[in-house]
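Participant: dropping the sequence and predicted coords here.
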Amino acid sequence: MVRHVKALIVGSGPAGLTGAIAIAESVGSGEEVVIIDEGIEPGGQLSKQTHKFFGHEGFYASTRGFEIGNLLVKKVKSLGVEIIQQSTVTGIYEDVITVYDRVNNIVHEYLADYLLIASGATERFLTFKNNTLPGVYGAGAVQTLMNQYRVLPGESFLIVGAGNIGLIVAYQLVQAGAQVKAIVEASSRVGGYAVHANKVKRLGIPILLRHTILEAIGKDKVQGAVVAGVDERFKPIPGTEKEFVVDAICLAVGLQPNVELVAQTGAKLVYIPELGGYVPLRDENMKTTVHNVFVAGDLSGIEEATTAMIEGYIAGYNIAQELTGKSFEDKIEKMKRELEEFRRGPFSKKVRDGLRKMGIVFPEGGYREEQQTDRGPVGKLRAIIECPEAIPCNPCETSCPTGAINVGGNINGIPQIDYSKCIGCGVCVMKCPGLAIFMIQEKEEYSLVGVPYELLPVPTNGTKVKLLNFEGKEIANGEVDHVVLNNKGKTHIVFLRVPKGYEDVVRSFRLPEKAEEFICRCEEITKEDIERVIDMGITDYEELRRVLRIGMGPCGGKTCRSLTLQIISEKTGRPISEIQLGAYRPPTMPTPFEAVVKSALSENDEVSENIQGGIENE
Ligand code: SF4
Ligand code: SF4
């Protein structure tokens, strides 16, 4: 049976979701609006994004991508829009749209008055020797595995590409506990935001410009990579080869729009390299050359999630306008002004140039470009902003409770601080998505530097640390003075005591190295920890467990029990067979509390009957 809907949306990423919201809100109901999505959960790329977004509050600035996805999905569902997951639009024919439902292994047929195609983009690949070895991943796959499935696909990575995606993935990998040996970038400049690049440099990750990957080393899986410098024509320069020992290579070399479906509608495609290659020709209302087919997001030109959301709204309001015959011009105009504002900066030049080829013109400039040179009054606890480029972002301005920060009237402007108003509260540090704001204060004996911190473990007061500069280079020893925890936004501020005069150069720190030989990985107990306790005279497995919590993690001792017995044996000279194994306690695997409660609830009838019976017996 063919199902007929008013609007069919392909893709539940940022553009598809806002498109659905615009249609459902304007039409007054989401009843005949359906989103078809391939993923196992809605949100598209947003579900993989654990970093905070730039932009302004109206488009969820300073909120993490997956949280934005959750908010949009909640809104879409509350409007009655149906989201069908794990289903793929396989064909758009003249008389029907076919959708393959992977869960039920069946093809459904649809007809729609309007189509909004927000099918996003696919990753570009790179040719190099052994690029099919297991361990070579696209950046999107790494994010899916790491952030959606909680699987780290390697321990040490080489990243190819220093655009925003490569830089963000590098940072997220470090957050997840992996090592990133280097980022290589063939061009002579970092393509992503400077604040993202600074974030990874402070972690000690080198960004090798004018370098490319030549070869993945390994037989059955990646064991290393060879990179080399390139000339102006991107040709490798012989003699510049370097080897990195890594077990994963992550390619972040760009995206190309998924145009297959829109092409099937008969919409005209045009080749515009600035927009990512072939894209559908469309007007400023996101309408293609087919009267009832609209597009939005990366499919219409590779950009970023905030502009995808705005394009989704524009497409959605236009569809609603045509469906109802009512005017939503005020809403459409508001969104167009937002797009205009977001696309004024230098990072949107490519998109502006690409759109101009379609006859769509966006203005540029009109924002502040000057850096602030005033570092504020010496001795006062104050914020220092190190956000050197014009990017569309202003949470620093909107979060400051005293109005001390301004971006100069245009969201792309470089922020400046009025030090007469700064009270040193640190709110801007915790809100800034670029981690580009620091706190400093010169004291009598030492100086304080407050750095934004999003890694684990969060250090405690008094922890001795290595102080690092902008490039992640060790420059002195220091200690943690205090930590301001931000459990909601998860960007904490770690205040470091640094030698006087170092307040302008210390921008990061390294915790003391822990011994690497972990025996109990759940509780992070090392061989050294166990040997130390055995040396104290505790040579019984159960006792060691009580003292160290060894074997008390989620695995219940499956991995560490035998290793611990071996260490006891080695240290005491007793054969393993003579050492008590210790008790095996249930449960053998972590069991959700919900499951236990459910089991108790299902026995409730029996329980209440017993109670009743008990009373009667009395
Ligand atoms: S530290 Fe507080 S008062 Fe100072 S600029 Fe930041 S948010 Fe404003
Ligand atoms: S300093 Fe302001 S403009 Fe720069 S990244 Fe942070 S919040 Fe955005």
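Facilitator: Perfect, thanks for sending it. Numbers count the residues shown, from 1 in each chain. Ligands and ions are numbered 1, 2, ... in the order given.

Participant: residue in the stretch 501-618 of the chain nearest to ligand 2?
Facilitator: Using Cβ to the nearest ligand atom, R507 is the residue of the stretch 501-618 of the chain that sits closest to ligand 2, at 13.9 Å. The way it works is simple: take the backbone N, C-alpha and C, and place the C-beta from them, glycine included.

Participant: count the residues that sit near that residue.
Facilitator: 24 (other Cβ atoms under 10 Å).

Participant: I'd say it and L203 touch.
Facilitator: No - under the criterion of Cβ atoms under 8 Å, R507 makes no contact with L203, lying 10.6 Å away.

Participant: flag every residue of the stretch 1-150 of the chain that's near ligand 2.
Facilitator: F54 (Cβ under 6 Å from any ligand atom).

Participant: please enumerate the strands of the stretch 1-150 of the chain.
Facilitator: Ranges of strands in the stretch 1-150 of the chain, per DSSP state E, counting those that start in this stretch, are 2-10, 33-36, 82-84, 87-92, 97-101, 106-117, 121-123, 136-138.

Participant: just those: most buried one?
Facilitator: Most buried of the strands of the stretch 1-150 of the chain by mean neighbour count (mean count of other Cβ atoms under 10 Å) is strand 33-36; its value is a mean of 26.

Participant: by contact count, what packs against it?
Facilitator: Secondary-structure packing of strand 33-36 (3 or more Cβ pairs under 8 Å, 6 or more residues apart in numbering; DSSP states H and E): strand 2-10, helix 14-27, strand 82-84, strand 87-92.

Participant: make a markdown table out of these and add mean pLDDT and distance to V465.
Facilitator: What follows is those, written out as a markdown table (pLDDT from 0 to 100; distance: least, Cβ to Cβ, whole Å):
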| stretch | mean pLDDT | distance to V465 |
| --- | --- | --- |
| strand 2-10 | 97 | 50 |
| helix 14-27 | 98 | 38 |
| strand 82-84 | 98 | 46 |
| strand 87-92 | 97 | 50 |
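
Participant: of the ones you listed, which is nearest M286?
Facilitator: helix 14-27 (8.7 Å; Cβ to Cβ).

Participant: quick one: low-confidence ranges for the protein?
Facilitator: Within the chain, the segments meeting pLDDT under 70 span 514-516, 600, 602-618.

Participant: could you export the lengthiest helix in it as CSV, CA atoms only?
Facilitator: In the chain, with assignment by DSSP state H, the single longest helix is helix 305-324. The C-alpha coordinates for helix 305-324 follow below in CSV (Å, rounded to 0.1, in the frame of the first residue of the first chain):
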residue,chain,number,x,y,z
ALA,A,305,25.6,22.4,11.4
THR,A,306,24.4,25.8,12.4
THR,A,307,23.9,27.0,8.8
ALA,A,308,22.3,23.6,8.1
MET,A,309,19.8,24.2,10.8
ILE,A,310,19.0,27.6,9.3
GLU,A,311,18.6,26.3,5.8
GLY,A,312,16.3,23.6,7.2
TYR,A,313,14.1,26.3,8.7
ILE,A,314,14.0,28.3,5.4
ALA,A,315,13.1,25.2,3.4
GLY,A,316,10.5,24.1,5.9
TYR,A,317,8.8,27.5,6.1
ASN,A,318,8.7,27.6,2.3
ILE,A,319,7.1,24.2,2.1
ALA,A,320,4.6,25.1,4.7
GLN,A,321,3.8,28.3,2.8
GLU,A,322,3.1,26.3,-0.3
LEU,A,323,1.1,23.6,1.6
THR,A,324,-1.2,26.0,3.4
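
Participant: next SSE downstream of it?
Facilitator: For helix 305-324, the succeeding helix or strand toward the C-terminus, using DSSP states H and E, is helix 329-342.

Participant: and that following helix with helix 305-324, angle?
Facilitator: Interaxial angle, helix 329-342 versus helix 305-324 (axes from the mean of the first three to the mean of the last three Cα atoms, to 10 degrees): 160 degrees.

Participant: check whether helix 329-342 contacts ligand 2.
Facilitator: No - applying Cβ under 6 Å from any ligand atom, one finds helix 329-342 out of contact with ligand 2, separated by at least 13.1 Å.

Participant: let me know the angle separating that helix from helix 14-27.
Facilitator: Computed with the same axes, to 10 degrees, the direction of helix 329-342 lies at 160 degrees from that of helix 14-27.

Participant: who are the packing partners of helix 329-342?
Facilitator: Secondary-structure packing of helix 329-342 (3+ Cβ pairs under 8 Å, 6+ apart): helix 305-324.

Participant: and the helix it packs on, what does it pack against?
Facilitator: strand 2-10, helix 14-27, helix 65-78, strand 106-117, strand 293-295, helix 329-342.

Participant: hmm, try it at 10 Å
Facilitator: strand 2-10, helix 14-27, strand 33-36, helix 65-78, strand 106-117, strand 293-295, helix 329-342 (3 or more Cβ pairs under 10 Å, 6 or more residues apart in numbering; DSSP states H and E).

Participant: mind checking which of these is nearest ligand 1?
Facilitator: For ligand 1, the closest of the helices and strands packed on helix 305-324 is helix 65-78, at 21.8 Å, according to Cβ to the nearest ligand atom.

Participant: how about the closest one as CSV, C-alpha atoms only?
Facilitator: Extracted in CSV, the C-alpha atoms of helix 65-78 (Å, rounded to 0.1, in the frame of the first residue of the first chain):
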residue,chain,number,x,y,z
GLY,A,65,26.2,18.7,19.4
PHE,A,66,24.5,15.5,20.7
GLU,A,67,22.5,17.6,23.2
ILE,A,68,21.3,19.9,20.4
GLY,A,69,20.3,16.7,18.5
ASN,A,70,18.3,15.6,21.6
LEU,A,71,16.6,18.9,21.9
LEU,A,72,15.6,19.1,18.3
VAL,A,73,14.4,15.5,18.2
LYS,A,74,12.3,16.1,21.3
LYS,A,75,10.7,19.1,19.7
VAL,A,76,10.0,17.3,16.4
LYS,A,77,8.4,14.4,18.3
SER,A,78,6.3,16.8,20.4
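
Participant: elements contacting that helix?
Facilitator: Judged by 3+ Cβ pairs under 10 Å, 6+ apart, helix 65-78 is in contact with helix 14-27, strand 33-36, strand 82-84, helix 305-324.

Participant: residues of this protein that sit close to ligand 2?
Facilitator: Residues of the chain lying close to ligand 2 (Cβ under 6 Å from any ligand atom) are 54, 195, 385, 387, 393-396, 415, 432-434, 436-437.

Participant: list just the nearest of the residues you listed to L601.
Facilitator: The closest of those, once distances to L601 are taken by Cβ to Cβ, is P433, at 42.9 Å.

Participant: if we can go back for a sec, redo the strands of the stretch 1-150 of the chain as TSV? Include distance to E523.
Facilitator: Below are those laid out as TSV (distance: least, Cβ to Cβ, whole Å):
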stretch	distance to E523
strand 2-10	46
strand 33-36	43
strand 82-84	40
strand 87-92	42
strand 97-101	44
strand 106-117	47
strand 121-123	38
strand 136-138	30
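
Participant: which parts of the stretch 351-500 of the chain are strands?
Facilitator: With DSSP E, counting those that start in this stretch, the ranges of strands along the stretch 351-500 of the chain come out as 382-385, 405-406, 416-417, 437-442, 447-453, 464-468, 474-484, 492-498.

Participant: redo these as TSV? Include distance to S47 and mean neighbour count.
Facilitator: Output for these, formatted as TSV (distance: least, Cβ to Cβ, whole Å; neighbours: other Cβ atoms under 10 Å):
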stretch	distance to S47	mean neighbour count
strand 382-385	31	22
strand 405-406	31	20
strand 416-417	35	22
strand 437-442	28	22
strand 447-453	24	23
strand 464-468	32	19
strand 474-484	30	16
strand 492-498	25	22
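
Participant: which one, of these, ends up nearest to ligand 1?
Facilitator: Of all the strands of the stretch 351-500 of the chain, strand 382-385 sits nearest to ligand 1, with 3.9 Å by Cβ to the nearest ligand atom.

Participant: any residue of the closest one up close to ligand 1?
Facilitator: Yes - using Cβ under 6 Å from any ligand atom, strand 382-385 comes into contact with ligand 1 via A383.
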